[in-house]
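*Asks:* take this sequence and fold it.
(chains A, B, C and D)
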4 protein chains.
Amino acid sequence: MSSIDINTLKHRLRNFADTREWNQFHSPKNLSMALSVEASEIMEHFQWLTEEQSKDLPQNKLDEVATELADTLLYLIRLADQLDVDLLTAAQEKIELNERKYPVNKARGNAKKYTEFDK
Amino acid sequence: MSSIDINTLKHRLRNFADTREWNQFHSPKNLSMALSVEASEIMEHFQWLTEEQSKDLPQNKLDEVATELADTLLYLIRLADQLDVDLLTAAQEKIELNERKYPVNKARGNAKKYTEFDK
Amino acid sequence: MSSIDINTLKHRLRNFADTREWNQFHSPKNLSMALSVEASEIMEHFQWLTEEQSKDLPQNKLDEVATELADTLLYLIRLADQLDVDLLTAAQEKIELNERKYPVNKARGNAKKYTEFDK
Amino acid sequence: MSSIDINTLKHRLRNFADTREWNQFHSPKNLSMALSVEASEIMEHFQWLTEEQSKDLPQNKLDEVATELADTLLYLIRLADQLDVDLLTAAQEKIELNERKYPVNKARGNAKKYTEFDK
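*Replies:* Residues are numbered from 1 along each chain as shown, chains lettered A, B, ... in the order given. Presented below is the predicted three-dimensional model:
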């Protein structure tokens, strides 16, 4: 398992941008575009596959997808940093909210949005 | 600073899906769609703002964006887990690759793709 | 100006998919992914440009963007066809709705969403 | 069938933006973001559905999707107009290119990208 963490990556990305004078390009607006483009590049690998096929990628495809997952995480960390948002705290709060919004007895086995329960 | 980490979130999301019997919906294909939708929801907040405005969000907007950042991270962790990809290791390898692809003396102050450097 | 129209393109795309036996891949779900990927490829051209630069693309870039615009239109037509939605009628109805939702006296010069008027 | 066409919609959208003084927001950069966001909103309807379910939407869902398809077309027309690209001509050229790139005898029944054909 990796010993690197989000905080270390954040500082390394900061340094990467600083030394290349790229902060001028790294507005939250631009980073949100780059993040969305990377997430889309992940999806591109899956668009013509069945769900079953998507669970069983050949190794060379899996390596390509792993690189796109990495790009997505790096832009996400960078965007959160530029907005001064603590990404892990926000994620923890969101999963706690989801646990309340989707109680097991109502959500079990269906993909309805919580606003559609009891309809 | 948050004391939670990616690995803890991964296990918590696994448990969340298991208890709700949501693994049937969480194919890599579907998760790649959900991830892309969430990244797009981040971007929606910035689409009509100038770059300068995007650096100075009012607190209520920033809170909304933080929630979308969290959703994006959660789907990214979940997708990597379903593909059995170590997200942090992949990110570390990618940033090392970027450091080689964009040497400071060539990349300083310009946003060209590395393939467009004067070779 | 082009003499081709949406309806002609729709039938040509239908024939294209039929002769290649691609209808098996052209579920609305898959086409919605392909459409989103193409829209993202348009955006990729603009992510590091300023708004001003985006108004003044060099010809070779403009040609590339035109090809992505075309891809996006083709998937959009194909998706609407598979869903049996009349794209032009839907567009006409939506612009009429927008004209009511964004009256000139309230919307002039601001980019607020209509739900935020008078706040 | 609708009697409106792309060219009519283009002029109507131009007038819509002019009277509301929205051209200041309608840079190609911003419009590419709005287009991508709308395409993603289409996809959101399909993310948890199977491919089969996506072919058989209930009428209320289909109406919602039709509205998102319309939004996507409107932003696409508007973006092409701001870039001075003739959308229909570009689409016609692209489908002709696709017909050459994906010859029936090679493409029949498989979704491989043309670069992956056995050469």
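
*Asks:* residue A:74: what's it in contact with?
*Replies:* Residue A:74 is in contact with A:9, A:13, B:91, B:94-95, B:98, counting by C-beta atoms under 8 Å, 6 or more residues apart in numbering or on different chains. Any C-beta I mention is one placed from the backbone N, CA and C, and that applies to glycine too.

*Asks:* report the secondary structure element holding it.
*Replies:* Using DSSP states H and E, residue A:74 sits in helix A:59-83.

*Asks:* any idea which helix or strand comes after that helix?
*Replies:* helix A:87-101.

*Asks:* the helix or strand just after that next one near chain D anywhere?
*Replies:* On the C-terminal side of helix A:87-101, the nearest following helix or strand under DSSP H and E is helix A:104-107. No. Figure legend: helix A:104-107 not in contact with chain D (C-beta under 8 Å from any C-beta of the partner chain); closest approach 12.3 Å.

*Asks:* what's the mean pLDDT across helix A:104-107?
*Replies:* For helix A:104-107, mean pLDDT rounds to 89.

*Asks:* residues of it that come out buried?
*Replies:* residue A:107 (16 or more other C-beta atoms under 10 Å in any protein chain shown).

*Asks:* rewinding a little: I'd like the average pLDDT over the helix holding residue A:74.
*Replies:* 98.

*Asks:* from the chain's centre, how far out does that helix sit?
*Replies:* In terms of C-alpha atoms, centre = their mean, to the nearest Å, the centre of helix A:59-83 is found 7 Å from the chain centre.

*Asks:* tell me what angle it forms with helix A:87-101.
*Replies:* 100 degrees (axes from the mean of the first three to the mean of the last three C-alpha atoms, to 10 degrees).

*Asks:* which one of the contacts of residue A:74 sits closest to residue D:53?
*Replies:* The closest of the contacts of residue A:74 to residue D:53 turns out to be residue B:91 (C-beta to C-beta; 34.5 Å).

*Asks:* what does chain A put close to chain C?
*Replies:* By C-beta under 8 Å from any C-beta, the residues of chain A that approach chain C are A:25, A:30, A:33-34, A:36-37, A:40-41, A:43-44, A:46-48.

*Asks:* now do the same contact list for the residue in chain A that chain C sits nearest to.
*Replies:* With C-beta to the nearest C-beta, the shortest gap between chain A and chain C falls at residue A:40, namely 3.6 Å. For residue A:40, the contact set (C-beta under 8 Å, 6+ apart) comprises B:36, B:39, C:36-37, C:40-41.

*Asks:* check residue A:71 too.
*Replies:* Applying C-beta under 8 Å, 6+ apart to residue A:71 gives the contacts A:38, A:41, B:94.

*Asks:* so which of these is the most crowded?
*Replies:* Compared across the contacts of residue A:71, residue A:38 has the highest neighbour count, 25 neighbours, by other C-beta atoms under 10 Å in any protein chain shown.

*Asks:* correct me if wrong: it contacts residue A:68.
*Replies:* Yes. Here residue A:38 reaches residue A:68: they are 6.2 Å apart, a contact under C-beta atoms under 8 Å.

*Asks:* now do the shared contacts for these two.
*Replies:* Residues touching both residue A:38 and residue A:68 by C-beta under 8 Å, 6+ apart: none at all.

*Asks:* which pair in the residues of chain A next to chain C spans the largest distance?
*Replies:* Using C-beta to C-beta, the two most remote members of those are A:25 and A:48, lying 33.1 Å apart.

*Asks:* burial check on residue A:28, number of neighbours?
*Replies:* 26.

*Asks:* cool, residue A:62 as well?
*Replies:* 16.

*Asks:* if we ignore the residues flanking it in sequence, what's nearest it?
*Replies:* residue B:83 (6.5 Å; C-beta to C-beta, 6 or more residues apart in numbering or on different chains).

*Asks:* tell me who's in contact with that neighbour.
*Replies:* With contacts taken as C-beta under 8 Å, 6+ apart, residue B:83 has the following neighbours: A:57, A:62, A:65-66, A:69, B:28.

*Asks:* switch those residues over to CSV; also include distance to residue B:53.
*Replies:* Listed next are the contacts of residue B:83 as CSV, based on distance: C-beta to C-beta, whole Å:
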residue, distance to residue B:53
A:57, 40
A:62, 40
A:65, 34
A:66, 35
A:69, 30
B:28, 36
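
*Asks:* ranking the residues of chain A next to chain C by neighbours, who comes first?
*Replies:* Taking other C-beta under 10 Å as the neighbour criterion, residue A:36 ranks highest of the residues of chain A next to chain C with 32 neighbours.

*Asks:* thought residue C:42 was touching it, still the case?
*Replies:* No. Residue A:36 sits out of contact with residue C:42 when judged by C-beta under 8 Å, with a separation of 11.6 Å.

*Asks:* list residues touching both of the two?
*Replies:* Counting by C-beta under 8 Å, 6+ apart, the residues touching both residue A:36 and residue C:42 are residue D:36.

*Asks:* next up, the contacts around residue A:16.
*Replies:* Residues near residue A:16 by C-beta under 8 Å, 6+ apart: A:22, B:95, B:98-99.

*Asks:* if you could redo that for residue A:51, that was the one I meant.
*Replies:* Residues in contact with residue A:51 (C-beta under 8 Å, 6+ apart) are B:27, B:29-30, D:50.

*Asks:* how about the helix holding residue A:74: buried residues?
*Replies:* So for helix A:59-83, counting by 16+ other C-beta under 10 Å, buried means A:62, A:65-83.

*Asks:* same thing with stretch A:85-96?
*Replies:* Using 16+ other C-beta under 10 Å as the test for burial, stretch A:85-96 gives A:85-88, A:90-92, A:94-95.

*Asks:* do the same with stretch A:95-115
*Replies:* Using 16+ other C-beta under 10 Å as the burial criterion, the residues of stretch A:95-115 that qualify are A:95, A:98-99, A:102, A:107.
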